[in-house]
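J.: Next comes the sequence, and after it the predicted model I'd like to discuss.
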Amino acid sequence: MAVKEILKLGNPILYKKSVDISKDEIELIKNHVNDLHDTLFDFRNRYGCGRAIAAPQLGVMKRLIYMNINKPIVFINPTLDQFSPETFEVWDDCMSFPELLVKVLRYKSCRISFKDTNWNNQEMLLSDDLSELIQHEFDHLNGILAVQRAIDKFSFAIRDR
């Protein structure tokens, strides 16, 4: 559909919790998915990175995540559970602050349950970098940014391209 502006760090909308999507909104959501896709790929072309994006980053306060690594996956009304007891530190990046890296602690694995674009129930077990990625995007749905999860006040770095 269109490349949209990604809201940047400091925008108060990014700190708001998004709302569930109802089944009767599915056609509208498909338009948002197209915007998320186009915006993700535009970001990827400009910055050389970007695997997923959450709807609130475009100012759409719906519980919607779009991920595209080898193929597109749409997560509608996702929930996370089954977190591993193991965690790991990672330098996290975000499209809402593309020049900044933040060291955060994430669970090594988790399960995501969600609706797909046909309103079917789905679930995936994710580990390592995909677990970290989905936790990051899920945080966006709850108005939480990686800067709020920094391990300590020394856990920030400027990205060198």
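T.: Yes, it's here. None of these values were measured; they are calculated from a predicted model. Numbers count the residues shown, from 1 in each chain.

J.: longest helix of this protein?
T.: Looking across the chain with DSSP state H, the single longest helix is helix 26-47.

J.: Now tell me what touches it from outside.
T.: Defining contact as CB atoms under 8 Å, 6 or more residues apart in numbering, one finds that helix 26-47 is touched by 1-4, 6, 21, 49-50, 52-53, 55, 58, 60, 62, 64, 66, 68, 72, 74, 76, 95, 98, 117, 119, 161. Glycine gets a C-beta too; all of them are placed from N, C-alpha and C.

J.: what comes up buried for it?
T.: By neighbour count on 16 or more other CB atoms under 10 Å, the buried set for helix 26-47 is 29, 32-33, 35-37, 39-40, 43.

J.: before we move on, what about stretch 98-108?
T.: Buried residues in stretch 98-108, counted by 16+ other CB under 10 Å: 98, 100-104, 106-107.

J.: for it, what is the average pLDDT?
T.: When pLDDT is averaged along stretch 98-108, the result is 97.

J.: try stretch 147-161
T.: Averaging pLDDT along stretch 147-161 yields 92.

J.: Could you do stretch 54-63 as well?
T.: The model assigns stretch 54-63 a mean pLDDT of 98.

J.: again with stretch 26-34
T.: Stretch 26-34 shows a mean pLDDT of 93.

J.: Alpha carbons only: can I get it in PDB?
T.: Below are the C-alpha coordinates for stretch 26-34, written out as PDB (Å, rounded to 0.1, in the frame of the first residue of the first chain):
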ATOM      1  CA  ILE A  26      -9.700  -8.200   9.300                       C
ATOM      2  CA  GLU A  27     -10.000  -6.400   6.000                       C
ATOM      3  CA  LEU A  28      -8.700  -3.200   7.500                       C
ATOM      4  CA  ILE A  29      -5.900  -5.100   9.100                       C
ATOM      5  CA  LYS A  30      -4.800  -6.500   5.700                       C
ATOM      6  CA  ASN A  31      -4.300  -2.800   4.600                       C
ATOM      7  CA  HIS A  32      -2.100  -2.200   7.700                       C
ATOM      8  CA  VAL A  33      -0.200  -5.400   7.000                       C
ATOM      9  CA  ASN A  34       0.600  -4.000   3.500                       C
END
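
J.: returning to what we had before: max pairwise distance over the buried residues of stretch 98-108: which two?
T.: 98 and 107 (24.6 Å; CB to CB).
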